[in-house]
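1. Pasting a predicted model and its sequence here:
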Amino acid sequence: MENKMVTTLAELQIYNKQPHDLSKEDIIGKHLESLDKWEEFFSKYSKWMGFSVRKEDVRRDHENNLWQQNRLAGLFWADGISRRDYACFGDIMAFDSTYKKNSYNKPLLIFVGLNHHYRTIVFAVAFLYDETDETYTWVLEEFLECMKNKPPPVVVTDGDHAMAKAIQKVFLTSVHRLCAWNLQNNVTINAHHPVFKSKFNELLYQYCTEEDFEDTWNRIVSEFEFEDSRWATTTCNSRRSWAECFLRGHFFGGLRTTQRSESINSYLSHFLMSKLKLRDLVGQVDKAIQSIRHTKWEDEFISNHSTPQLPSNILRQYYE
């Protein structure tokens with residue numbers, strides 16, 4: 001940290017120490033000449049500890065009138081275990097921001113993956129002010145910095161447009177896959193034909209050549225008269241993010257939906273209440289994550305102190 005931030009000799013010890021060597025006595029009672037200097041100090045310290053904070057200096061309404069100033073606009077955190085898990089299991093990541101059970105009614109973004117026991121693990125958590133391109137770009141940049149600039153090879157999301165733009169901007173080398181469940185749900189809503197849904201599922205899950213995909217898609221769209229459907233056009237335009245023929249060759253670990261992230265959101269409901277303030281919210285989320293991690297130690301114990309049992313009928317088909 002640069003010496004130009006130091007205003008008194010007593011404060012020098014804050015900047016001559018590494019963040020992990022600081023104690024509360026080094027900070028409590030110290031004075032800096034401006035709030036901006038404390039914010040800069042806290043930003044550097046919090047990032048070392050796995051947190052990141054975004055402040056919205058000025059916000060204006062539709063008539064360009066100032067209505068907010070110096071308010072918290074984003075909070076990101078990932079502890080040491082989460083960062084270690086990402087280093088080991090960050091081949092695929094899923095996230096969505098549908099959970100808003102807090103007194104601010106703001107989205108809580110959970111980044112999840114899979115470990116070697118095929119269990120859900122949490123890579124990071126973010127509390128966002130809104131769901132704009134700018135906000136998603138900020139949180140993904142913070143994630144990338146926190147994880148030593150290692151983007152996930154594969155990202156699975158629910159298809160939010162602002163989120164997709166941010167992924168394309170920040171995770172330059174990542175393959176973006178759309179949630180299969182959301183796609184199937186949209187088919188059910190927009191196409192009331194079982195045959196169309198069956199053909200769509202074949203394109204979604206089964207491998208074919210790109211030429212066969214185009215022929216099949218054009219045929220069923222024409223057969224069920226979806227040529228002028230905005231939904232069908234949008235779905236076709238995003239086909240490289242959901243059709244098996246375009247995604248073949250990438251490792252997904254069986255993760256085709258954001259269900260893992262949504263399950264974590266459901267699990268959080270046991271720990272969170274709608275009236276929780278931000279400080280309590282962070283504490284309860286951390287408690288939930290610790291509870292989730294407890295299953296890992298149970299899996300490790302079973303794996304190390306038991307003998308795998310081969311199902312008795314697994315080889316039956318080869319002897320019949």
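-> Here it is on my side, so go on. Numbering: from 1, shown residues only.

2. Mind jotting down where the strands sit in this protein?
-> Listed in chain order, the strands of the chain (DSSP state E) span 51-60, 66-77, 92-99, 108-114, 120-128, 154-157, 175-178.

3. How many residues are close by S229?
-> By other CB atoms under 10 Å, the residues close to S229 number 15. (C-beta placed from N, C-alpha, C; glycine too.)

4. what's the distance between it and N304?
-> Distance of S229 to N304, given as CB to CB, to the nearest Å: 54 Å.

5. Dihedrals phi and psi, D160?
-> As for D160, its main-chain torsions (degrees, to the nearest 10) stand at phi -60, psi 130.

6. Quick check: it touching E131?
-> Yes: D160 is in contact with E131 according to CB atoms under 8 Å; the separation is 7.0 Å.

7. Could you count how many residues lie near the nearest residue to D286 once chain neighbours are set aside?
-> In this structure, D286 finds its nearest non-sequential neighbour in D79, 8.0 Å apart by CB to CB, 6 or more residues apart in numbering. When counting by other CB under 10 Å, one arrives at 17 neighbours for D79.

8. how near is D79 to D130?
-> Using CB to CB, we find D79 at a distance of 25 Å from D130.

9. Just the helices from the chain, written as ranges.
-> 12-15, 24-27, 35-48, 80-89, 133-146, 161-170, 180-190, 194-205, 210-223, 230-237, 244-247, 259-268, 278-304, 316-319 (DSSP state H).

10. Dump those helices into JSON lines; add mean neighbour count, distance to I121 and mean pLDDT as well.
-> Output for the helices of the chain, formatted as JSON lines (neighbours: other CB atoms under 10 Å; distance: least, CB to CB, whole Å; pLDDT from 0 to 100):
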{"stretch": "helix 12-15", "mean neighbour count": "15", "distance to I121": "35", "mean pLDDT": "54"}
{"stretch": "helix 24-27", "mean neighbour count": "12", "distance to I121": "31", "mean pLDDT": "68"}
{"stretch": "helix 35-48", "mean neighbour count": "14", "distance to I121": "22", "mean pLDDT": "65"}
{"stretch": "helix 80-89", "mean neighbour count": "16", "distance to I121": "5", "mean pLDDT": "92"}
{"stretch": "helix 133-146", "mean neighbour count": "20", "distance to I121": "15", "mean pLDDT": "91"}
{"stretch": "helix 161-170", "mean neighbour count": "17", "distance to I121": "20", "mean pLDDT": "93"}
{"stretch": "helix 180-190", "mean neighbour count": "15", "distance to I121": "20", "mean pLDDT": "90"}
{"stretch": "helix 194-205", "mean neighbour count": "15", "distance to I121": "25", "mean pLDDT": "92"}
{"stretch": "helix 210-223", "mean neighbour count": "14", "distance to I121": "34", "mean pLDDT": "93"}
{"stretch": "helix 230-237", "mean neighbour count": "14", "distance to I121": "31", "mean pLDDT": "92"}
{"stretch": "helix 244-247", "mean neighbour count": "17", "distance to I121": "23", "mean pLDDT": "92"}
{"stretch": "helix 259-268", "mean neighbour count": "19", "distance to I121": "9", "mean pLDDT": "67"}
{"stretch": "helix 278-304", "mean neighbour count": "14", "distance to I121": "8", "mean pLDDT": "82"}
{"stretch": "helix 316-319", "mean neighbour count": "7", "distance to I121": "35", "mean pLDDT": "60"}
